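Novice: Sequence first, then the predicted structure, then my questions.
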Amino acid sequence: MALGAAASLGAGTASAAPATTTATCAYPYVCFERLSDGAIIGRFQDVTSTWQSLPSRPSNVKIINTRRDDVAYIRYANGSQACVAPNSTLTITGYVLTGIRISSSATCA
């Protein structure tokens, strides 16, 4: 089941909002920010054709995509996916994340 960036996900939520400039996540990264304390727990930069594993299997995070022309696909532990558009954020609560794939596509498919 593919999930859009603004989809409601049952027990958890996912919502999209425009990214704001932040010193903790600079261009051209896609960052994972822990909601509890704002700490950056992961930074990804490479466009890949396969999934990059998330070693900590985070949940309750904000994904910040600072890239101007590339989307980031996020994989949930249940196999579902969400897409974070360029220059936007996605807040995930209640779901465990297992992977990220940055695509050179400028729009979520």
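Specialist: Yes, it's here. Numbering: from 1, shown residues only.
Novice: residue closest to the middle of the protein?
Specialist: Ile63 (3.8 Å; C-alpha atoms, centre = their mean).
Novice: Quick check: nearest residue in space to that one, chain neighbours excluded?
Specialist: Nearest non-adjacent residue to Ile63, counting by C-beta to C-beta, 6 or more residues apart in numbering: Leu90, 4.6 Å away. For glycine as for every other residue, the C-beta is placed from the backbone atoms N, C-alpha and C.
Novice: Equivalent analysis for Tyr27, please.
Specialist: Nearest non-adjacent residue to Tyr27 (C-beta to C-beta, 6+ apart): Thr66, at 4.5 Å.
Novice: if I pick that neighbour, what's in contact with it?
Specialist: Each residue near Thr66 by C-beta atoms under 8 Å, 6 or more residues apart in numbering is listed here: 19, 25-31, 87.
Novice: pLDDT score assigned to it?
Specialist: At Thr66, the pLDDT value in this model is 97.
Novice: What backbone torsions are found at it?
Specialist: phi -90, psi 0 (degrees, to the nearest 10).
Novice: if we can go back for a sec, go through the contacts of Thr66 and name the one nearest Ser49.
Specialist: Ser49 has its nearest neighbour among those in Val30, at 15.8 Å by C-beta to C-beta.
Novice: And the strands in the protein, which stretches?
Specialist: For the chain, the strands defined by DSSP state E cover 8-9, 12-18, 30-34, 40-44, 52-53, 61-65, 71-76, 81-84, 88-93, 97-103.
Novice: what's the spacing between stretch 60-67 and its chain's center?
Specialist: 5 Å (C-alpha atoms, centre = their mean, to the nearest Å).
Novice: List the buried residues in that stretch.
Specialist: For stretch 60-67, the buried set under the neighbour-count rule, 16 or more other C-beta atoms under 10 Å, comprises 61-67.
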